[in-house]
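K.L.:
Predicted structure and sequence below. I'll ask about it afterward.
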Amino acid sequence: MTTPAERAAFLRAEIERHNHAYYVLDAPTIPDAEYDKLFRELQELEAAHPELATPDSPTQRVGGAPLPAFRQVAHAVPMLSLNNAFTAEEAEAFDRRCREALGVDDVDYACEPKFDGLAITLRYEHGLFVLGATRGDGFTGEDVTQNLRTVRNIPLRLTGSDVPAQLEVRGEVLMPRREFEKLNERQRAAGEKEFVNPRNAAAGSLRQLDPKITAQRPLRFFAYGVADASVFHPALTLHSALMDRLASWGIPVAAERAVVRGAAGLLAYYEKIAAARRTLSYDIDGVVYKVNRLADQEKLGYVSRAPRFAIAHKFPAEEATTTVLAIEVQVGRTGALTPVARLAPVFVGGVTVTNATLHNEDEVRRKDVRVGDTVIVRRAGDVIPEVVAVVPEKRRPGSAEFRLPARCPVCGSAVEKPEDEAIARCTGGLYCPAQRKQALMHFASRRALDIEGLGEKLVDQLVDAGLVETAADLYRLDLATLAGLERMGEKSARNLLAAIEKSKQTTLARFIYALGIRNVGEATAKDLARHFGSLEALLAADEAALQAVPEVGPVVASSIVRFFAEPHNREVIAALRAAGVSWEEGTPAVPSRAPLAGKTFVLTGTLPTLTREEAKALIEAAGGKVAGSVSKKTDYVVAGAEAGAKLAKAQELGIAILDENGLRRLIAS
């Protein structure tokens, strides 16, 4: 039987593991509701057995350690967390404790939504923003000043004549839900990892080493207080007035703030915000109650990790129990296979749910979800419902483990799942109906066959009308067909036909890239074209021959072989060539004696006379390869003005660094 000491040790280790995943890696591994249960159990265990409360317990501190990549900032005033209430009775108990400690019959509270973002602090000196940091472990955070400067609603200078000389504002950076959805659409389109939720996306964006990346992310900031309210004495006596003052200086605050009286006011506010939760543009996971009078806050004080004058009243997790009727596999626009649980209808989160995502095969295996299982389903706001966990004691005997199909359920092509990736994908990219629109968009893109005028809406029309199934069908379109499409007059149709005809004359590298082979980007396509010289030689190459190409490893070689092994893909390639798509073939374009043959370069910063494309062309003409990121395989980094993280990494790895003149001298030598 587990002793209290053993259980406490287990809970501390488990909570710290989840803290690291959530706060440091920005990759949460369990729902907030499950984490809250673990944390509450440890709190109750330590309360019942005070001797078990260690100084390093998660209940005694906040968050995770700061990332070593950022300069550490010691908080002059600790950034503490809040204790949680999960029921009306716990909210009423908080009010009772405040009344009894203050010796009054009624207490006024300042209430606001509890943002689901990343806690930060902003330091202003004489109204000028000088420093921004994350909460970190509550006592030491990460200096993310340059990244915070890119968050558009954070004022770099405060407005007003009464701004104090020193001001430290506390608040949260978050990402609006609509912007989060757009960001994940871009991630999917680029074949990159999607973010789990808006909070995860905001935290990952703020921790970018390159502020230019952060600037591209639609982050927002909301203040919820200040580090030291004494700078406002005696002019301000209420927290609500303090927040009004921050707003008057241009600091964003929540519009849904309110001042209420007593427990009844707290619960009424909670119900009001809960009802409006889905209409808000950002995610919240509860509301926050704070004693409004600043003097009363000071009198109530703090416990080890949280103020006594404030509490977070969390919304209940939107979960229910149902049965898995079947597990089906859907194929996405990029060929990704996603298992979906078909459920016995269950009412959860305000709607009847019949389907829930299982994300990927690894996730199904981790949770061990099987047909016939009783499962817990969670739906929070507008998030797609997901299976949180299985109820193992209700599993029927003889149930079988889930296995992804070896062939695509849509087109029958082979399914590929590299060892280092969680997502399995269909290899029939040129043929698979599920990937049709994405494949056509890529084929026609500027760096592929560059068919000007063939945009997303037109591709939708062509595919939905059954006019185009593969890229080869583009070359069979005629004027009458195109002119008859919505918003497509005769002039536009003629222009598109001209662009399609022009695209027939291309290069081998562009054609290879246009095929959309998994893991084959523009640079790799050029390497393949240069190395093999003809499409026939590439089609005949096995994995060993492919790995002889610079920068082509086992993963890329396997993707290429499996792509060309699909008869459907070869049929489309043959149809494209029969339609007149052609290029000059021959021997490898760059002989081995070229000055930069076999060398890999990375460009960063702004060069004095060469654009990025010109420098790239210069290197490739001399036999070199230009990569997008610095690794141990990089031979040279060419750095110009305002070089960023790539230069720092090159210095860290001891890679040779050149300026523009150094590059020219190397080529000349």
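P.N.:
Perfect, thanks for sending it.
K.L.:
for the stretch 501-650 of the chain, what spans make up the strands?
P.N.:
600-604, 625-627, 636-639 (DSSP state E, counting those that start in this stretch).
K.L.:
just checking, which of those sits deepest inside the structure?
P.N.:
Stretch with highest mean neighbour count among the strands of the stretch 501-650 of the chain: strand 636-639 (a mean of 24; mean count of other Cβ atoms under 10 Å). Every C-beta, even on glycine, is put in place using the N, C-alpha and C of the backbone.
K.L.:
Any chance you could list what contacts that one?
P.N.:
599-605, 607, 615, 630, 646-647, 650, 655-660, 662-663, 666 (Cβ atoms under 8 Å, 6 or more residues apart in numbering).
K.L.:
Please pick the buried ones from those.
P.N.:
Listed as buried from those are 599-605, 607, 615, 630, 646-647, 650, 655, 657, 659-660, 663, 666; burial here means 16 or more other Cβ atoms under 10 Å.
K.L.:
What residue, apart from its backbone neighbours, is nearest the residue nearest the centre of the chain spatially?
P.N.:
The centroid of the chain falls nearest to Phe195 when counting by Cα atoms, centre = their mean (2.7 Å). Once flanking residues are discounted, Phe195 sits nearest to Ala201: 3.8 Å by Cβ to Cβ, 6 or more residues apart in numbering.
K.L.:
need the contact list for the one you found.
P.N.:
Met175, Phe180, Leu183, Asn184, Phe195, Arg217.
K.L.:
which residue sits closest to the fourth one, ignoring its sequence neighbours?
P.N.:
Okay, so that is Asn184. Per Cβ to Cβ, 6+ apart, closest to Asn184 is Glu194, 4.7 Å.
K.L.:
what's near enough to touch Pro252?
P.N.:
Asn153, Ile154, Gly171, Arg220, Phe221, Phe222, Ala223.
K.L.:
Among those, which one lies nearest to Glu41?
P.N.:
If you rank these by distance to Glu41 using Cβ to Cβ, Gly171 comes first, at 30.2 Å.
K.L.:
how near is that closest one to Ile120?
P.N.:
Going from Gly171 to Ile120 by Cβ to Cβ, to the nearest Å gives 6 Å.
K.L.:
okay, and the common contacts of those two?
P.N.:
Contact criterion Cβ under 8 Å, 6+ apart; residues shared by Gly171 and Ile120: Phe221.
K.L.:
returning to what we had before: weed out the non-buried ones from the contacts of Pro252.
P.N.:
The neighbour count (16+ other Cβ under 10 Å) marks Ile154, Gly171, Arg220, Phe221, Phe222, Ala223 as buried among the contacts of Pro252.
K.L.:
Max pairwise distance over those residues: which two?
P.N.:
Arg220 and Ala223 (11.4 Å).
K.L.:
hang on, the earlier thing: which of the contacts of Pro252 scores worst on pLDDT?
P.N.:
The member of those with the lowest pLDDT is Asn153, at 86.
K.L.:
I'd guess it is in a helix, am I close?
P.N.:
No - per DSSP: H, G, I helix; E, B strand; the rest coil, Asn153 lies outside any helix segment and is coil.
K.L.:
could you measure the nearest residue to it once chain neighbours are set aside against Gly171, distance?
P.N.:
Leaving aside its chain neighbours, Asn153 sits nearest to Pro252 (5.0 Å; criterion: Cβ to Cβ, 6+ apart). Going from Pro252 to Gly171 by Cβ to Cβ gives 8 Å.
K.L.:
Could you pull out the residues contacting both of those two?
P.N.:
Contacts common to Pro252 and Gly171, judged by Cβ under 8 Å, 6+ apart, are Phe221, Phe222, Ala223.
K.L.:
Distance to Lys457 and secondary structure for those - can I get that in JSON lines?
P.N.:
Shown next, in JSON lines, are the shared contacts of Pro252 and Gly171 (distance: Cβ to Cβ, whole Å; DSSP: H, G, I helix; E, B strand; the rest coil):
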{"residue": "Phe221", "distance to Lys457": "35", "secondary structure": "strand"}
{"residue": "Phe222", "distance to Lys457": "36", "secondary structure": "strand"}
{"residue": "Ala223", "distance to Lys457": "41", "secondary structure": "strand"}
